[in-house]
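Student: no sequence on hand, only this structure:
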């Protein structure tokens with residue numbers, strides 16, 4: 001039988017095949033394939049020839065399989081089989097649309113093709129449900145109901161594998177998300193495109209973790225290691241064979257964790273050691289009415305602060321962590337009975353007495369009860385922020401804020417927690433010096449754009465205020481924007497396409513979008529950028 005040649009030109013790609021089939025039959029197949037690929041293109045909106053070809057082949061295979069095993073008669077003519085696929089692809093049935101759209105994200109992963117549609121991606125983020133969280137704060141911010149009343153403690157935005165964000169690649173006309181991809185996977189496909197050359201070369205990934213934090217109860221008193229300490233601790237625990245998810249694991253990665261917190265509402269924290277003489281003064285006041293085991297313990301703590309041949313802060317904490325159970329169990333009830341007397345006789349320290357009594361009710365028998373007497377009480381008004389470098393002892397007491405840090409989850413705890421505490425390791429990484437954080441304020445009147453200065457290399461926290469004016473996007477590096485109030489319309493300068501970001505929504509903005517995106521509307525957005 002003579003060979004027949006068939007030249008196929010599909011979307012600009014030309015191939016020639018030789019076959020024994022009749023030329024009339026081959027032309028019928030070619031017409032069928034062209035009609036099918038045109039329908040797939042119309043339904044999916046895809047432009048990539050490779051994706052269109054693969055999806056078309058998938059649908060044709062689906063039709064063939066159903067013809068053989070799905071109840072259709074195997075003796076159908078070629079014309080009948082052809083009309084079957086065209087019916088499948090008709091807009092009336094909608095079967096092809098569901099099948100095609102459902103395959104796009106899997107096809108992207110299989111082909112390794114970057115699914116870029118503009119340079120602005122809405123995010124789907126994960127909520128962390130810790131027991132200190134608020135049932136109301138984050139749900140109200142993102143416009144969701146929390147009927148279960150489970151505490152929503154943190155909403156994470158970034159690539160951290162503990163709670164990674166997903167980018168929305170496409171949405172249905174109803175507004176429902178139809179196609180998503182992990183933000184980390186998107187970045188991995190074209191790192192320099194999404195991160196910019198400098199960030200890609202320095203970090204290889206998005207170097208920060210952005211959070212909404214909502215505390216209804218105090219977090220543990222804690223500190224974070226510097227980079228060298230984190231690297232050494234991570235390797236040491238790896239060699240010891242401690243699993244990464246083990247409760248007694250101190251170092252879950254080799255990265256440091258400097259951070260900044262900006263208040264969205266009145267926010268209270270404990271942060272940094274007080275002056276030595278002030279700590280001694282407060283402990284002496286408390287010790288006056290005590291007796292027995294507790295009296296001896298408080299006197300011992302005061303003595304540790306007066307040791308001149310050692311660092312007094314380190315000596316004090318070492319003594320605090322070694323207090324006997326009898327003294328610790330007596331501490332909470334004693335503080336509560338003494339509160340009214342202390343407030344009467346020393347009203348200038350009313351906040352300290354109230355907070356110490358409050359903590360004793362939450363964590364009886366915990367050495368962290370005394371934290372308000374040796375750490376500074378910090379109160380932030382909405383829009384105010386503070387930066388916490390590595391090694392600073394701190395705890396967030398209550399309130400909601402935007403928290404930004406290097407992408408790490410290394411935490412060494414020292415009280416107010418039921419989780420693992422390693423006093424020996426904590427004493428290795430703490431900065432034993434007096435520290436009062438600088439409170440950063442937004443200038444008045446508030447500018448359309450303001451950045452909170454920090455020495456961190458991984459991140460910058462900024463706030464943008466839209467008052468109906470158009471604001472060109474000023475960040476050059478990769479960033480994440482989170483709308484805390486109002487509604488922003490984001491316009492891509494080149495294409496003119498618009499995306500609406502409402503309160504509680506967030507978006508990943510790749511590098512090199514400075515001046516290419518225009519924000520307009522009445523809104524407030526916090527922006528984390530590398």
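Tutor: Yep, that arrived. Note that the structure is a prediction, hence the values are computed from the model and not measured. Residues are numbered from 1 along each chain as shown.

Student: residues near residue 436, how many?
Tutor: 13 (other Cβ atoms under 10 Å). (Glycine included, C-beta is placed from N, CA and C.)

Student: residue 422 versus that one, what's the distance?
Tutor: 27 Å (Cβ to Cβ, to the nearest Å).

Student: so residue 428 is in which element?
Tutor: helix 423-429 (DSSP states H and E).

Student: kindly report the same for residue 59.
Tutor: Going by DSSP H and E, residue 59 is in helix 49-69.

Student: ok, residue 235 next?
Tutor: helix 227-239.

Student: grab the nearest non-local neighbour of residue 341.
Tutor: Distances taken as Cβ to Cβ, 6 or more residues apart in numbering place residue 289 nearest to residue 341, at 7.4 Å, with adjacent residues excluded.

Student: give me the number of residues near the closest residue to residue 315 other than its chain neighbours?
Tutor: Residue nearest to residue 315 in three dimensions, not counting chain neighbours: residue 304, with 4.1 Å by Cβ to Cβ, 6+ apart. Using other Cβ under 10 Å, residue 304 is surrounded by 18 other residues.

Student: just confirm residue 304 is within a strand.
Tutor: No: applying DSSP: H, G, I helix; E, B strand; the rest coil, one finds residue 304 to be helix, outside a strand.

Student: low-confidence ranges, the stretch 1-150 of the chain, go.
Tutor: Applying pLDDT under 70 to the stretch 1-150 of the chain flags residues 1-21, 26, 41-54, 58, 62-118.

Student: and if we set it to 80?
Tutor: By pLDDT under 80, the low-scoring segments of the stretch 1-150 of the chain are 1-118.

Student: just say helix, strand or coil for residue 122.
Tutor: strand.

Student: is the residue lying closest to it once chain neighbours are set aside bridged to anything, and to what?
Tutor: In space, residue 122 comes closest to residue 168 once its chain neighbours are excluded; the distance is 4.3 Å by Cβ to Cβ, 6+ apart. With DSSP bridges as the criterion, residue 168 is bridged to residue 180.

Student: what number of residues lie near residue 168?
Tutor: There are 17 residues near residue 168, going by other Cβ under 10 Å.

Student: I'd say residue 266 and residue 379 touch.
Tutor: Yes: counting by Cβ atoms under 8 Å, residue 266 touches residue 379, with 6.9 Å between them.

Student: what about the chain, any weak spots by pLDDT?
Tutor: Scanning the chain for pLDDT under 80 picks out the ranges 1-118, 170-178, 308-309, 494.

Student: okay, domains of it per the record?
Tutor: 4-111, 122-221+260-269+380-410, 222-259+270-378+411-436, 449-529 (automatic domain parsing).

Student: can you lay out those as JSON lines showing distance to residue 443?
Tutor: Output for these, formatted as JSON lines (distance: least, Cβ to Cβ, whole Å):
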{"stretch": "domain 4-111", "distance to residue 443": "44"}
{"stretch": "domain 122-221+260-269+380-410", "distance to residue 443": "10"}
{"stretch": "domain 222-259+270-378+411-436", "distance to residue 443": "21"}
{"stretch": "domain 449-529", "distance to residue 443": "7"}
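
Student: packing partners of the strand or helix carrying residue 29?
Tutor: Secondary structure from DSSP H and E places residue 29 in helix 23-44. On a contact count with 3 or more Cβ pairs under 8 Å, 6 or more residues apart in numbering; DSSP states H and E, helix 23-44 meets strand 4-10, helix 49-69, helix 78-88, helix 95-111.
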